[in-house]
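Novice: give me the fold of what follows.
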Amino acid sequence: INAEYMGLKEGTAMDDEALKRGTSVYLVDRRIDMLPKLLTEVLCSLRGGEESLAFSVVWEMTPEAKIVDTKYAKTVVLSRAALTYEEAWKMIQDSTKSDAISSGLRHLFRLSKILKQQRIDKGALELASGEMKVKLDRETGEALEVVQYESYPTCSMIEEFMLLANVSVARRLYEHFPSYSFLRRHPAPMETQFEGLQNALKERGFAPLDTTTSKRLADSLNKTVDPSDSFFNTLVRMLTTRCMQQARYFCSGELQYPDFNHYGLASEIYTHFTSPIRRYADDIVHRQLAASLGLYHLSDTLTNQQKMHETSENINYRHTQAQHAGRDSVNLHTGFFFKDRIEQCTGYVIFKRDNGVVVVVPKFGIESVVWTKDNHGKVIISQPLKVFDKIEVRISVQTDEACRNKLVLTLASETIDTPVPLKKVPKISKNIQNTTIVESVSELVEEEISETTNEKKKKKKRKRTESTQNTVTTKETSEETQAITTSNVVESTITDSTKEIKHIPQTENIKEEEKSDEPPKKKKKNKKKNIQNEDIVIENTPEEPVVPLVPVVASVPITIDLTETQEEEPKKKKKKKKKKK
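Specialist: Numbering: from 1, shown residues only. Below you'll find the predicted structure:
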């Protein structure tokens, strides 16, 4: 439909606003039109049984789809029927129907298959995008279902004639305005963009993709097939699409003719002509096409290369932003769909990171990271994962610290170790004269070490098994004994800052420990004051990751090892002092 007929005159306020918007934006729950609804939904839309003003490309073809003649004209079109893709396909398949509309559709469908094969023979690529559709409740707006777009053969039928019209108009514009035709190009991909994909295919035993021409790339994609996985070829085509450069609008005077090539469509020249109500680029093309027919006078804006360059850059930017907005809208409503549910389904690894892998779930079109390491670098998934690996993932919505909901993927085939929060530790009084950088840690470990020294007399009487969980309760000791143990803790933390704190396991029966009968040792010069605190019970299992019990007042991470070797240090010192006496 020619929007120029319906009031979109160049230089008007509506035209300026359409240029700023550049394109319509399609979201899940709404559409942000480039033009007013009166134009987009009524005046500039083909409606069944009604006449509409249009700008037409008319071909004369042989039964083998060879073009004999092409005409361009402003016309009046009477639409015989308004059909969906599904309805049109059913009419084509129903052999009992022989009416004019059904027969005409079958004739167009036969020609479209020939046109498509001609493009493929030239090297046109058949790529995949994995776009999804979210079905909403009309009353509540809630996401009911997330499904892939259902494509019918009639979609391809319409696409072939639209592509043919765009190519035909592009040639017409370049013939008449070689310096400022408004065209669209798709540059050939760079080899560096395919490095990751090529390496992944090599690991799977496939030959590398040949990207020198679109024809060779198409042949390579057809050979990259895994008989055991029907989705593998589709996945490779999806990743190939991401390795491509973006198609862009441009002014013909900026480049040489060989650079006009559209790599994906295998066409020497291309533009957009068929959607003037949702793309401003098509409105520019309509004006230039009308000027080539002597029906329109081009303004300075449409004949100046610099202004055309600025216009094309704005439209390119708006088009990219509209694509991002549409994808984000789908992701948002997909998150709403999983708000109160958990799904387990098949995913594919498409990219590797140092601390995780990027996984795509074809069923819902979800793409997210499955983390293999936590924030501290600890491995939480030991299973080795490579690109193209097929894995089972669990999809859920989790809330972060900022109360934001986020769609999360986790590996379903392996149990992930997660830190178990410990019980709250009672507050410890900080009645210390000489505070050290390990104040909080020493306060906690001091009680544990003092308790272990009191237990040495009992070690010979009882045997501990590795499977039994033990409990140790701390009791207050004399001021001098605690001062000595505190100094030992400080010494061990300074000399060894890379060891881990190992908590003493808890036993089933809690027994009170006897106080030490040993005579008090001589006090050191730099002793610490006794720390009076409540009994502390540390509860942790050996298999759980260690979690700090209290904050460390230090700028450097310091850990302490309570192995038997360090437990025996006080004993060795006692023996030496006895020998001296």
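
Novice: phi first, then psi, for Thr75.
Specialist: Thr75 adopts backbone torsions of phi -130, psi 170, taken as degrees, to the nearest 10.

Novice: contact partners for it?
Specialist: Counting by Cβ atoms under 8 Å, 6 or more residues apart in numbering, Thr75 makes contact with Leu53, Ala54, Phe55, Ser56. Yep, even glycine has a C-beta here, placed from its N, CA and C like the rest.

Novice: quick one: it and Met308, what's the gap?
Specialist: Note on Thr75: its distance to Met308, by Cβ to Cβ, to the nearest Å, is 28 Å.

Novice: list the contacts of Ile391.
Specialist: Contacts of Ile391 by Cβ under 8 Å, 6+ apart are Thr346, Gly347, Tyr348, Val349, Val359, Val370, Leu385, Leu411, Ala412, Ser413.

Novice: can you map out the strands along the stretch 251-400 of the chain?
Specialist: Listed in chain order, the strands of the stretch 251-400 of the chain (DSSP state E, counting those that start in this stretch) span 343-352, 356-361, 366-371, 390-399.

Novice: what's the longest helix anywhere in the chain packed up against?
Specialist: As assigned by DSSP state H, the longest helix anywhere in the chain is helix 305-337. In terms of contacts (3 or more Cβ pairs under 8 Å, 6 or more residues apart in numbering; DSSP states H and E), helix 305-337 is packed against helix 13-21, strand 25-26, strand 132-136, strand 143-148, strand 248-251, helix 280-292, strand 405-411.

Novice: dump the ones you listed into TSV; add mean pLDDT and mean neighbour count as well.
Specialist: Output for those, formatted as TSV (pLDDT from 0 to 100; neighbours: other Cβ atoms under 10 Å):
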stretch	mean pLDDT	mean neighbour count
helix 13-21	94	15
strand 25-26	96	18
strand 132-136	90	17
strand 143-148	90	15
strand 248-251	96	20
helix 280-292	95	23
strand 405-411	89	18
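
Novice: wait, which of those is closest to Ser312?
Specialist: strand 248-251 (4.2 Å; Cβ to Cβ).

Novice: hmm, back to that, got a PyMOL select line for the buried ones in the contacts of Ile391?
Specialist: Applied in PyMOL, the following selects the buried portion of the contacts of Ile391 according to 16 or more other Cβ atoms under 10 Å:
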select buried, resi 347+348+349+359+370+411+412
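
Novice: present the contacts of Ile391 as TSV; the columns should include distance to Phe109.
Specialist: Formatted as TSV, the contacts of Ile391 follow (distance: Cβ to Cβ, whole Å):
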residue	distance to Phe109
Thr346	35
Gly347	36
Tyr348	34
Val349	39
Val359	39
Val370	44
Leu385	44
Leu411	46
Ala412	44
Ser413	45
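
Novice: quick check, nearest of the contacts of Ile391 to Tyr317?
Specialist: Val359 (30.8 Å).

Novice: pretty sure the closest one is touching Tyr348, no?
Specialist: Yes. Counting by Cβ atoms under 8 Å, Tyr348 is a contact partner of Val359 at 6.7 Å.

Novice: hang on, the earlier thing: pick out the lowest-pLDDT one from the contacts of Ile391.
Specialist: When those are compared on pLDDT, Ser413 comes out lowest, with 68.

Novice: tell me the one of the contacts of Thr75 nearest Asp16?
Specialist: For those, the nearest to Asp16 is Phe55 (21.9 Å; Cβ to Cβ).

Novice: which other helices and strands contact the helix or strand hosting that closest one?
Specialist: For Phe55, the host element (DSSP states H and E) is strand 51-61. With contacts taken as 3+ Cβ pairs under 8 Å, 6+ apart, strand 51-61 sits against strand 67-78, helix 153-176, helix 280-292.

Novice: what's the neighbour count on the spatially closest residue to Thr213 that is not a sequence neighbour?
Specialist: Once flanking residues are discounted, Thr213 sits nearest to Gly123: 6.1 Å by Cβ to Cβ, 6 or more residues apart in numbering. Using other Cβ atoms under 10 Å, Gly123 has 18 neighbouring residues.

Novice: so how far is Phe194 from Gly123?
Specialist: From Gly123 over to Phe194 (counting by Cβ to Cβ), the distance is 17 Å.

Novice: before we move on, what about Gly141?
Specialist: For Gly141 relative to Phe194 (Cβ to Cβ), the value is 41 Å.

Novice: and the two? Which one has more around it.
Specialist: Using other Cβ under 10 Å, the more surrounded residue of Gly141 and Phe194 is Phe194, with 19 against 11.

Novice: helices and strands of the chain: which one bottoms out on pLDDT?
Specialist: In the chain, no helix or strand scores lower on mean pLDDT, DSSP states H and E than helix 479-495, which sits at a mean of 41.

Novice: show me what contacts Ala124?
Specialist: With Cβ under 8 Å, 6+ apart, Ala124 has these contacts: Ser214, Ala218, Gly264, Leu265, Ala266, Ser267.

Novice: can you tell me the SS state at Gly205?
Specialist: Following DSSP: H, G, I helix; E, B strand; the rest coil, we place Gly205 in the coil state.

Novice: quick check: which ranges of the stretch 351-500 of the chain have low pLDDT?
Specialist: By pLDDT under 70, the low-scoring segments of the stretch 351-500 of the chain are 413-500.

Novice: most surrounded residue in the contacts of Thr75?
Specialist: Most crowded among these, counting by other Cβ under 10 Å, is Phe55 at 25 neighbours.

Novice: ok so, going back, residues of the longest helix of the chain that come out buried?
Specialist: 308-309, 311-312, 314-316, 318-319, 322, 329-334, 336-337.

Novice: what's the answer for stretch 348-359, then?
Specialist: Residues of stretch 348-359 classed as buried: Tyr348, Val349, Ile350, Phe351, Gly356, Val357, Val358, Val359 (neighbour count, 16+ other Cβ under 10 Å).

Novice: wait, what's in contact with the first one?
Specialist: When you say that, I think you mean Tyr348. For Tyr348, the contacting residues are Phe231, Leu235, Val359, Val360, Pro362, Phe388, Asp389, Lys390, Ile391, by Cβ under 8 Å, 6+ apart.

Novice: now Ala247: how far from Thr40?
Specialist: 24 Å.

Novice: just the buried members of the contacts of Tyr348?
Specialist: Buried subset of these (neighbour count, 16+ other Cβ under 10 Å): Leu235, Val359, Val360, Pro362, Phe388, Asp389, Ile391.
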